[in-house]
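> structural data only, the sequence is not supplied:
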């Protein structure tokens, strides 16, 4: 498998960290007690996901340039 770059979101929660990649079809999540553990776990999950589903697991060939995080207040 050729090396590929992924943008990965890592969230810090009170009970640990959750990480997930952008641009991958399906659900791929990693978790851990530390940032490093969550990142290692999601990298392993991405590798397994691609080995299982092949290149179809990836989005189109257009590379994701940037990812932004925005915050908004929504009235219910």
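Yep, it's here. Given the structure is predicted, the values throughout are model-derived calculations rather than measurements. Residues are numbered from 1 along each chain as shown.

> from here on, contacts and neighbour counts on C-alpha atoms
Fine.

> where in the chain is pLDDT low?
Applying pLDDT under 70 to the chain flags the ranges 1, 60-62.

> residues contacting the most centrally placed residue in it?
With distances taken as CA atoms, centre = their mean, residue 21 lies nearest the centre of the chain, 1.5 Å away. When contacts are counted by CA atoms under 8 Å, 6 or more residues apart in numbering, residue 21 touches 6-9, 28-29, 42, 46.

> and for residue 56?
Contacts of residue 56 by CA under 8 Å, 6+ apart are residue 25.

> assumed it was part of a helix.
Yes: according to DSSP: H, G, I helix; E, B strand; the rest coil, residue 56 belongs to a helix.

> and the gap between it and residue 22?
Distance, residue 56 to residue 22, by CA to CA, to the nearest Å: 15 Å.

> next: residue 42.
For residue 42 relative to residue 22 (CA to CA), the value is 11 Å.

> neighbour count winner among the two?
residue 42 (24 against 14; other CA atoms under 10 Å).

> nearest spatial neighbour of that one, chain-adjacent residues omitted?
Nearest-residue entry for residue 42: residue 30, 3.9 Å, with adjacent residues in sequence omitted and distances by CA to CA, 6 or more residues apart in numbering.

> wait, that neighbour touches residue 47, no?
No: counting by CA atoms under 8 Å, residue 30 stays clear of residue 47, with 11.7 Å between them.

> the more surrounded of the two?
Higher neighbour count among residue 30 and residue 47: residue 30, with 20 against 13, using other CA under 10 Å.
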